[in-house]
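[1] Here is the input, now give the coordinates:
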Amino acid sequence: MHFNTLNENCQTEILTWGVDSNVQVPPHYCTEASIVIEEMNYKGAYSVVTKLSGTVVISIRR
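    A predicted model of the protein is given here:
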């Protein structure tokens, strides 16, 4: 992440919401998923938690 400006005078409002969607991606493919939030005057940030599962091959080189 990169932040160009920081503002110390801020107003905080906490909104809690969640999305639980499964996105199936075949091997060797790329995909993009987005969430669109529509509200009259909404500016905010959200966090994403990603879980990957499967077999991982690790090569140790000396």
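
[2] Let me know the pLDDT of Ile60.
    Per-residue confidence (pLDDT) for Ile60: 81.

[3] Next, count neighbours for it.
    Residue crowding around Ile60 was assessed by other CB atoms under 10 Å; the count is 4. Just so you know, the C-beta spots here come from the backbone N, C-alpha and C atoms, and that holds for glycine as well.

[4] Tell me where the model's unsure across this protein.
    For the chain, the stretches with pLDDT under 70 are 1-11, 39, 41-42, 46.

[5] ok, which stretches of it are strands?
    For the chain, applying DSSP state E gives no strands.

[6] From the centroid of it, which residue is nearest?
    The C-alpha lying nearest the average C-alpha coordinate of the chain belongs to Val48 (CA atoms, centre = their mean; 3.2 Å).

[7] Glu32 versus that one, what's the distance?
    13 Å (CB to CB, to the nearest Å).

[8] Dihedrals phi and psi, the residue nearest to the centre of the chain?
    Per-residue torsions, Val48: phi -120, psi 130 (degrees, to the nearest 10).

[9] Give me the distance from stretch 17-36 to the chain's centre.
    In terms of CA atoms, centre = their mean, to the nearest Å, the centre of stretch 17-36 is found 10 Å from the chain centre.

[10] Over to that stretch now: how far is its first residue from its last?
    Separation of the first and last residues of stretch 17-36 by CA to CA, to the nearest Å is 13 Å.

[11] Likewise for stretch 16-23?
    22 Å.

[12] With stretch 48-62 instead?
    Start-to-end, stretch 48-62 (CA to CA) is 36 Å.

[13] swap in stretch 18-34?
    End-to-end distance for stretch 18-34, by CA to CA: 13 Å.

[14] Buried residues in it, which are they?
    For stretch 18-34, a neighbour-count test (16 or more other CB atoms under 10 Å) marks nothing as buried.

[15] Residue numbering should commence at 119 henceforth.
    Got it, the first residue is 119 from now on, which makes the last one we talked about stretch 136-152.
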